[in-house]
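Enquirer: got a predicted structure here, sequence first:
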Amino acid sequence: YKKWYVPNNMAVCVSGDFDPEVMIETIDRYFGDMVPNPNLKYLDVPELEPLKEVVRTDIYGLDAENVLLAWRLGGYTSDDMLIGDIASGIINNGYAGLIDLNINQQQKALSASGGTEFLADYGIFELSGRPKTGQTLEEVAELLLAELDKLRKGEWDESLIEATVNQAKIRQERYLDSNDGRADQFVTSFINGSTWEDEVNYIERLSKITKEDVIAWANEKLGDNSYAIVYKRRGVDEGELKIAKPAITPIRDAVSPFLAEIQNTPVKEIEPVFIDFEKDLSRFNIKNDIEVLYKENTSTDLFELSFVFETGSFHDPLFSTAVSYFDYTGTTDQTPEQLAAELYRLACNVRVSVGGNRTRVNISGLQENMVEAIRFAENWLANCVGDEAVLEGLKADRMRSRANAKLGQSQNQSESLLHLVSWSYLLL
């Protein structure tokens, strides 16, 4: 503790509406007596040898089956992070990535995903998937590797790079629109050893990545034999180790000196500020006397629009299934793949959510594309075209997902039993 938890190895990161002088006094009061460690040295971590052959591992347990593949990359401050973030958006972005269009949209697996994660020393590029009924984990892995091969060969639209940068802009705008996000960016920079200049200029640096950069990087870093693959299978782990359950310490009805100090510390009263719906929101009606509530966003370049319908799954249980089906539909003049690519290009999001009594159509994204995004959503909703084969696949996948959920202990406890207790009075 005295070696590592010292002022020359820590940072206090704060963001909010406070008096800087008061904050400095507060920090000095609680941390000012800490003694630095003049002999502090960074950990000398030996560099890991590159993988030269595939590392395969099987693990067993009660939860549903899945497969995970991962390639080791450089750490947060390495060149891998920027190109890796672009590659992540190309392989899987929730709309028009290679996995989105060629696996998830076509229902070739129950689910599949991919992306990067970077820590101080190393990062990873990972692919994962869950099998459909009758599908093996090996088959899912082959589907994922096929999409990775397309990334390496450049078999993807270059416009995905610009769209990925726009999506990064949205994430950053939302992230930095809160005190938590702003303080956390200080923390991220500190623990990963990045310069504040690089953090501030992240979007600008990201926008300089080219298709040639991504292809060269993918061929160098994401090799055919330089990854680890883990098969999570259903079954009993013969090597499972049991840990003796410790005795539960009884709760004591006592107050420590530290707690007493906190309880007795005078707190300055905070005067709440309540929303005045008559003054703080603009109200007007459009055609058919539809009421609109409006508030201008003056803090970011983002917008959010919600259409609210006073009907939901309590009125028709098929609503939730219909909404899931909607994500797979095209229109009279565009395929589902074209719709997904257009939505990703706009850096906007269209989501339909169903509650018990209400259904919402939420449209959000960059303000500069708001009008185009609204027209896009209206056209999709008014002219969507289904596919019987897709519907049958959706129903089969939903049954498999429910079967998988029953295998998860946390799902059974936090969802199923909770709902049973909440609604059991209806059965009495």
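Expert: That came through, no problem.
Enquirer: could you pick out the longest helix of the chain?
Expert: In the chain, assigned by DSSP state H, the helix with the most residues is helix 388-407.
Enquirer: per-residue pLDDT, Ile243?
Expert: Looking at Ile243, its pLDDT is 87.
Enquirer: rewinding a little: packing partners of the longest helix of the chain?
Expert: Using 3 or more C-beta pairs under 8 Å, 6 or more residues apart in numbering; DSSP states H and E as the contact definition, the elements that helix 388-407 packs against are helix 319-326. The C-beta positions use only the backbone N, C-alpha and C, and glycine is treated the same way.
Enquirer: so what angle separates the directions of the helix it packs on and helix 388-407?
Expert: Between helix 319-326 and helix 388-407, the angle comes out at 120 degrees (axes from the mean of the first three to the mean of the last three C-alpha atoms, to 10 degrees).
Enquirer: sheet-wise, list the partners of the helix or strand just after helix 319-326 with their directions.
Expert: Downstream of helix 319-326, the next assigned helix or strand under DSSP states H and E is strand 330-331. Strands that pair with strand 330-331, judged by DSSP bridges, come out as strand 384-385 (antiparallel).
Enquirer: run through who's touching the strand it pairs with.
Expert: Strand 384-385 has contacts (C-beta atoms under 8 Å, 6 or more residues apart in numbering) with Phe326, Thr329, Gly330, Thr331, Thr332.
Enquirer: change it to 6 Å
Expert: With C-beta atoms under 6 Å, 6 or more residues apart in numbering as the test, strand 384-385 has contacts from Thr329, Gly330, Thr331, Thr332.
Enquirer: tell me how far it lies from the chain's centre.
Expert: 28 Å (C-alpha atoms, centre = their mean, to the nearest Å).
Enquirer: pLDDT on it, on average?
Expert: Mean predicted lDDT for strand 384-385 stands at 89.
Enquirer: how about stretch 71-87?
Expert: The model assigns stretch 71-87 a mean pLDDT of 96.
Enquirer: would you put the C-alpha positions of that stretch in CSV?
Expert: Coordinates of each C-alpha in stretch 71-87 appear next as CSV, following Å, rounded to 0.1, in the frame of the first residue of the first chain:
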residue,chain,number,x,y,z
TRP,A,71,-5.8,-11.6,-31.5
ARG,A,72,-3.3,-9.8,-29.3
LEU,A,73,-2.6,-6.2,-30.2
GLY,A,74,-0.5,-3.3,-28.8
GLY,A,75,-1.7,-1.2,-25.9
TYR,A,76,-3.7,1.9,-25.6
THR,A,77,-1.0,4.3,-26.8
SER,A,78,0.1,2.1,-29.7
ASP,A,79,-0.7,2.7,-33.4
ASP,A,80,-3.0,-0.4,-33.1
MET,A,81,-5.6,1.6,-31.3
LEU,A,82,-6.6,4.0,-34.0
ILE,A,83,-6.6,1.5,-36.9
GLY,A,84,-8.2,-1.1,-34.6
ASP,A,85,-11.1,1.2,-33.8
ILE,A,86,-11.7,1.7,-37.5
ALA,A,87,-11.4,-2.0,-38.2
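Enquirer: check the offset of it from the chain's centre.
Expert: The answer for stretch 71-87 is 18 Å, by C-alpha atoms, centre = their mean.
Enquirer: what's the distance between the closest residue to Glu199 other than its chain neighbours and Lys52?
Expert: Nearest in space to Glu199, with sequence neighbours left out and distances taken as C-beta to C-beta, 6 or more residues apart in numbering, is Ser189 at 4.9 Å. Look at Ser189 and Lys52: by C-beta to C-beta, to the nearest Å, they are 34 Å apart.
Enquirer: compare these two (neighbour count), which wins?
Expert: Ser189 (20 against 8; other C-beta atoms under 10 Å).
Enquirer: wait, a helix at Ala341?
Expert: Yes: Ala341 forms part of a helix when assessed by DSSP: H, G, I helix; E, B strand; the rest coil.
Enquirer: just list the residues touching it, thanks.
Expert: So, once contact is read as C-beta under 6 Å, 6+ apart, Ala341 ends up touching Ala96.
Enquirer: so what's the residue count around Ser320?
Expert: 17.
Enquirer: doesn't Gly355 make contact with it?
Expert: No: using C-beta atoms under 6 Å, Ser320 makes no contact with Gly355, being 9.4 Å away.
Enquirer: hmm, back to that, okay, and the residue nearest to Glu199 sits in which element?
Expert: Per DSSP H and E: helix 179-192 holds Ser189.
Enquirer: immediately after that helix, which helix or strand?
Expert: Per DSSP H and E, the helix or strand that comes after helix 179-192 is helix 196-200.
Enquirer: let me know the secondary structure of Ile24.
Expert: helix.
Enquirer: any idea how far it lies from Met81?
Expert: 33 Å.
Enquirer: in the longest helix of the chain, what's buried?
Expert: Val390, Gly393, Leu394, Asp397, Arg400, Asn404 (16 or more other C-beta atoms under 10 Å).
Enquirer: what separation do you get for the closest residue to the third one other than its chain neighbours and Gly393?
Expert: For Leu394, the nearest residue in space outside its immediate sequence neighbours is Tyr325; the separation is 5.7 Å by C-beta to C-beta, 6+ apart. Distance of Tyr325 to Gly393, computed by C-beta to C-beta: 10 Å.
Enquirer: over to Leu62?
Expert: Distance of Leu62 to Gly393, computed by C-beta to C-beta: 27 Å.
Enquirer: can you give me the strands in the stretch 251-400 of the chain?
Expert: 282-286, 290-294, 302-309, 330-331, 348-354, 359-366, 384-385 (DSSP state E, counting those that start in this stretch).
Enquirer: let's have these in JSON lines, adding mean neighbour count.
Expert: As requested, these are exported to JSON lines (neighbours: other C-beta atoms under 10 Å):
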{"stretch": "strand 282-286", "mean neighbour count": "9"}
{"stretch": "strand 290-294", "mean neighbour count": "10"}
{"stretch": "strand 302-309", "mean neighbour count": "14"}
{"stretch": "strand 330-331", "mean neighbour count": "18"}
{"stretch": "strand 348-354", "mean neighbour count": "19"}
{"stretch": "strand 359-366", "mean neighbour count": "18"}
{"stretch": "strand 384-385", "mean neighbour count": "14"}
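Enquirer: in a markdown table: the ones you listed, plus distance to Asp316.
Expert: As requested, the strands of the stretch 251-400 of the chain are arranged in a markdown table below (distance: least, C-beta to C-beta, whole Å):
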| stretch | distance to Asp316 |
| --- | --- |
| strand 282-286 | 26 |
| strand 290-294 | 22 |
| strand 302-309 | 12 |
| strand 330-331 | 23 |
| strand 348-354 | 9 |
| strand 359-366 | 10 |
| strand 384-385 | 17 |
